[in-house]
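Chemist: sequence below, structure please.
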Amino acid sequence: MSTIITPERPSERPTDEELARLAEARFLKCFTHDDADELIAHGPWASFTRGEALAWCRNLLDYEPQGFVLPKSVIRQWACTEVAAGRVPHVFGYAERAHELADRGMSAREYRVLRQFADDPIFHPADVTVLGEGATGAPIACVYRGVSS
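Modeler: As a prediction, this is how the structure comes out:
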């Protein structure tokens, strides 16, 4: 088995406590952008403010991760970069999932608190184990915390 080293995948995994602090800081940053209170009027994130949409993206990237192997791993890395820069990406059906949860009355903050209370793991690329590689050496199958891709 091998591991993948990418900009999002440092060679050492932080402790769960360090990862929780980092994830919380990234989540809170979603609400600090100058346009965080701006309502999104069109597109998949319509009806959320930009801050809410970013927070939902961050939550779903952390707690409902997708994109472990190529080409989706590139999309995942791009989405993480976009969120960090304050831009709202449309990837992995996250807008639809956020609307589904919001329609049930859950805010992005409540979702995060619920996941923290349940002690759900926060995604970290070092938790992905590559099971198979293609002819070029690119991963074609992997497991994230016991779930196959």
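
Chemist: ends of stretch 35-42, what's the gap?
Modeler: 16 Å (Cα to Cα, to the nearest Å).

Chemist: got the contact list for the most centrally placed residue in the chain?
Modeler: Most central in the chain under Cα atoms, centre = their mean is L61, positioned 1.0 Å from the mean C-alpha point. Residues in contact with L61 (Cβ atoms under 8 Å, 6 or more residues apart in numbering) are R76, A79, C80, V83, Y94, F123. Every residue, glycine included, has its C-beta placed from N, CA and C.

Chemist: only alpha carbons, please: show stretch 59-74 as CSV.
Modeler: In CSV, the C-alpha atoms belonging to stretch 59-74 read as follows (Å, rounded to 0.1, in the frame of the first residue of the first chain):
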residue,chain,number,x,y,z
ASN,A,59,-18.3,21.2,6.6
LEU,A,60,-18.9,18.8,3.8
LEU,A,61,-15.3,18.7,2.7
ASP,A,62,-14.4,17.9,6.3
TYR,A,63,-17.2,15.5,7.3
GLU,A,64,-18.6,14.1,4.0
PRO,A,65,-15.4,13.9,1.9
GLN,A,66,-15.3,12.8,-1.7
GLY,A,67,-12.5,12.9,-4.3
PHE,A,68,-9.8,10.5,-3.0
VAL,A,69,-8.4,9.4,-6.3
LEU,A,70,-7.7,11.0,-9.7
PRO,A,71,-9.3,12.9,-11.3
LYS,A,72,-11.6,13.8,-8.3
SER,A,73,-8.6,14.3,-6.0
VAL,A,74,-7.6,17.3,-8.2
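
Chemist: I appreciate the help and will end here.
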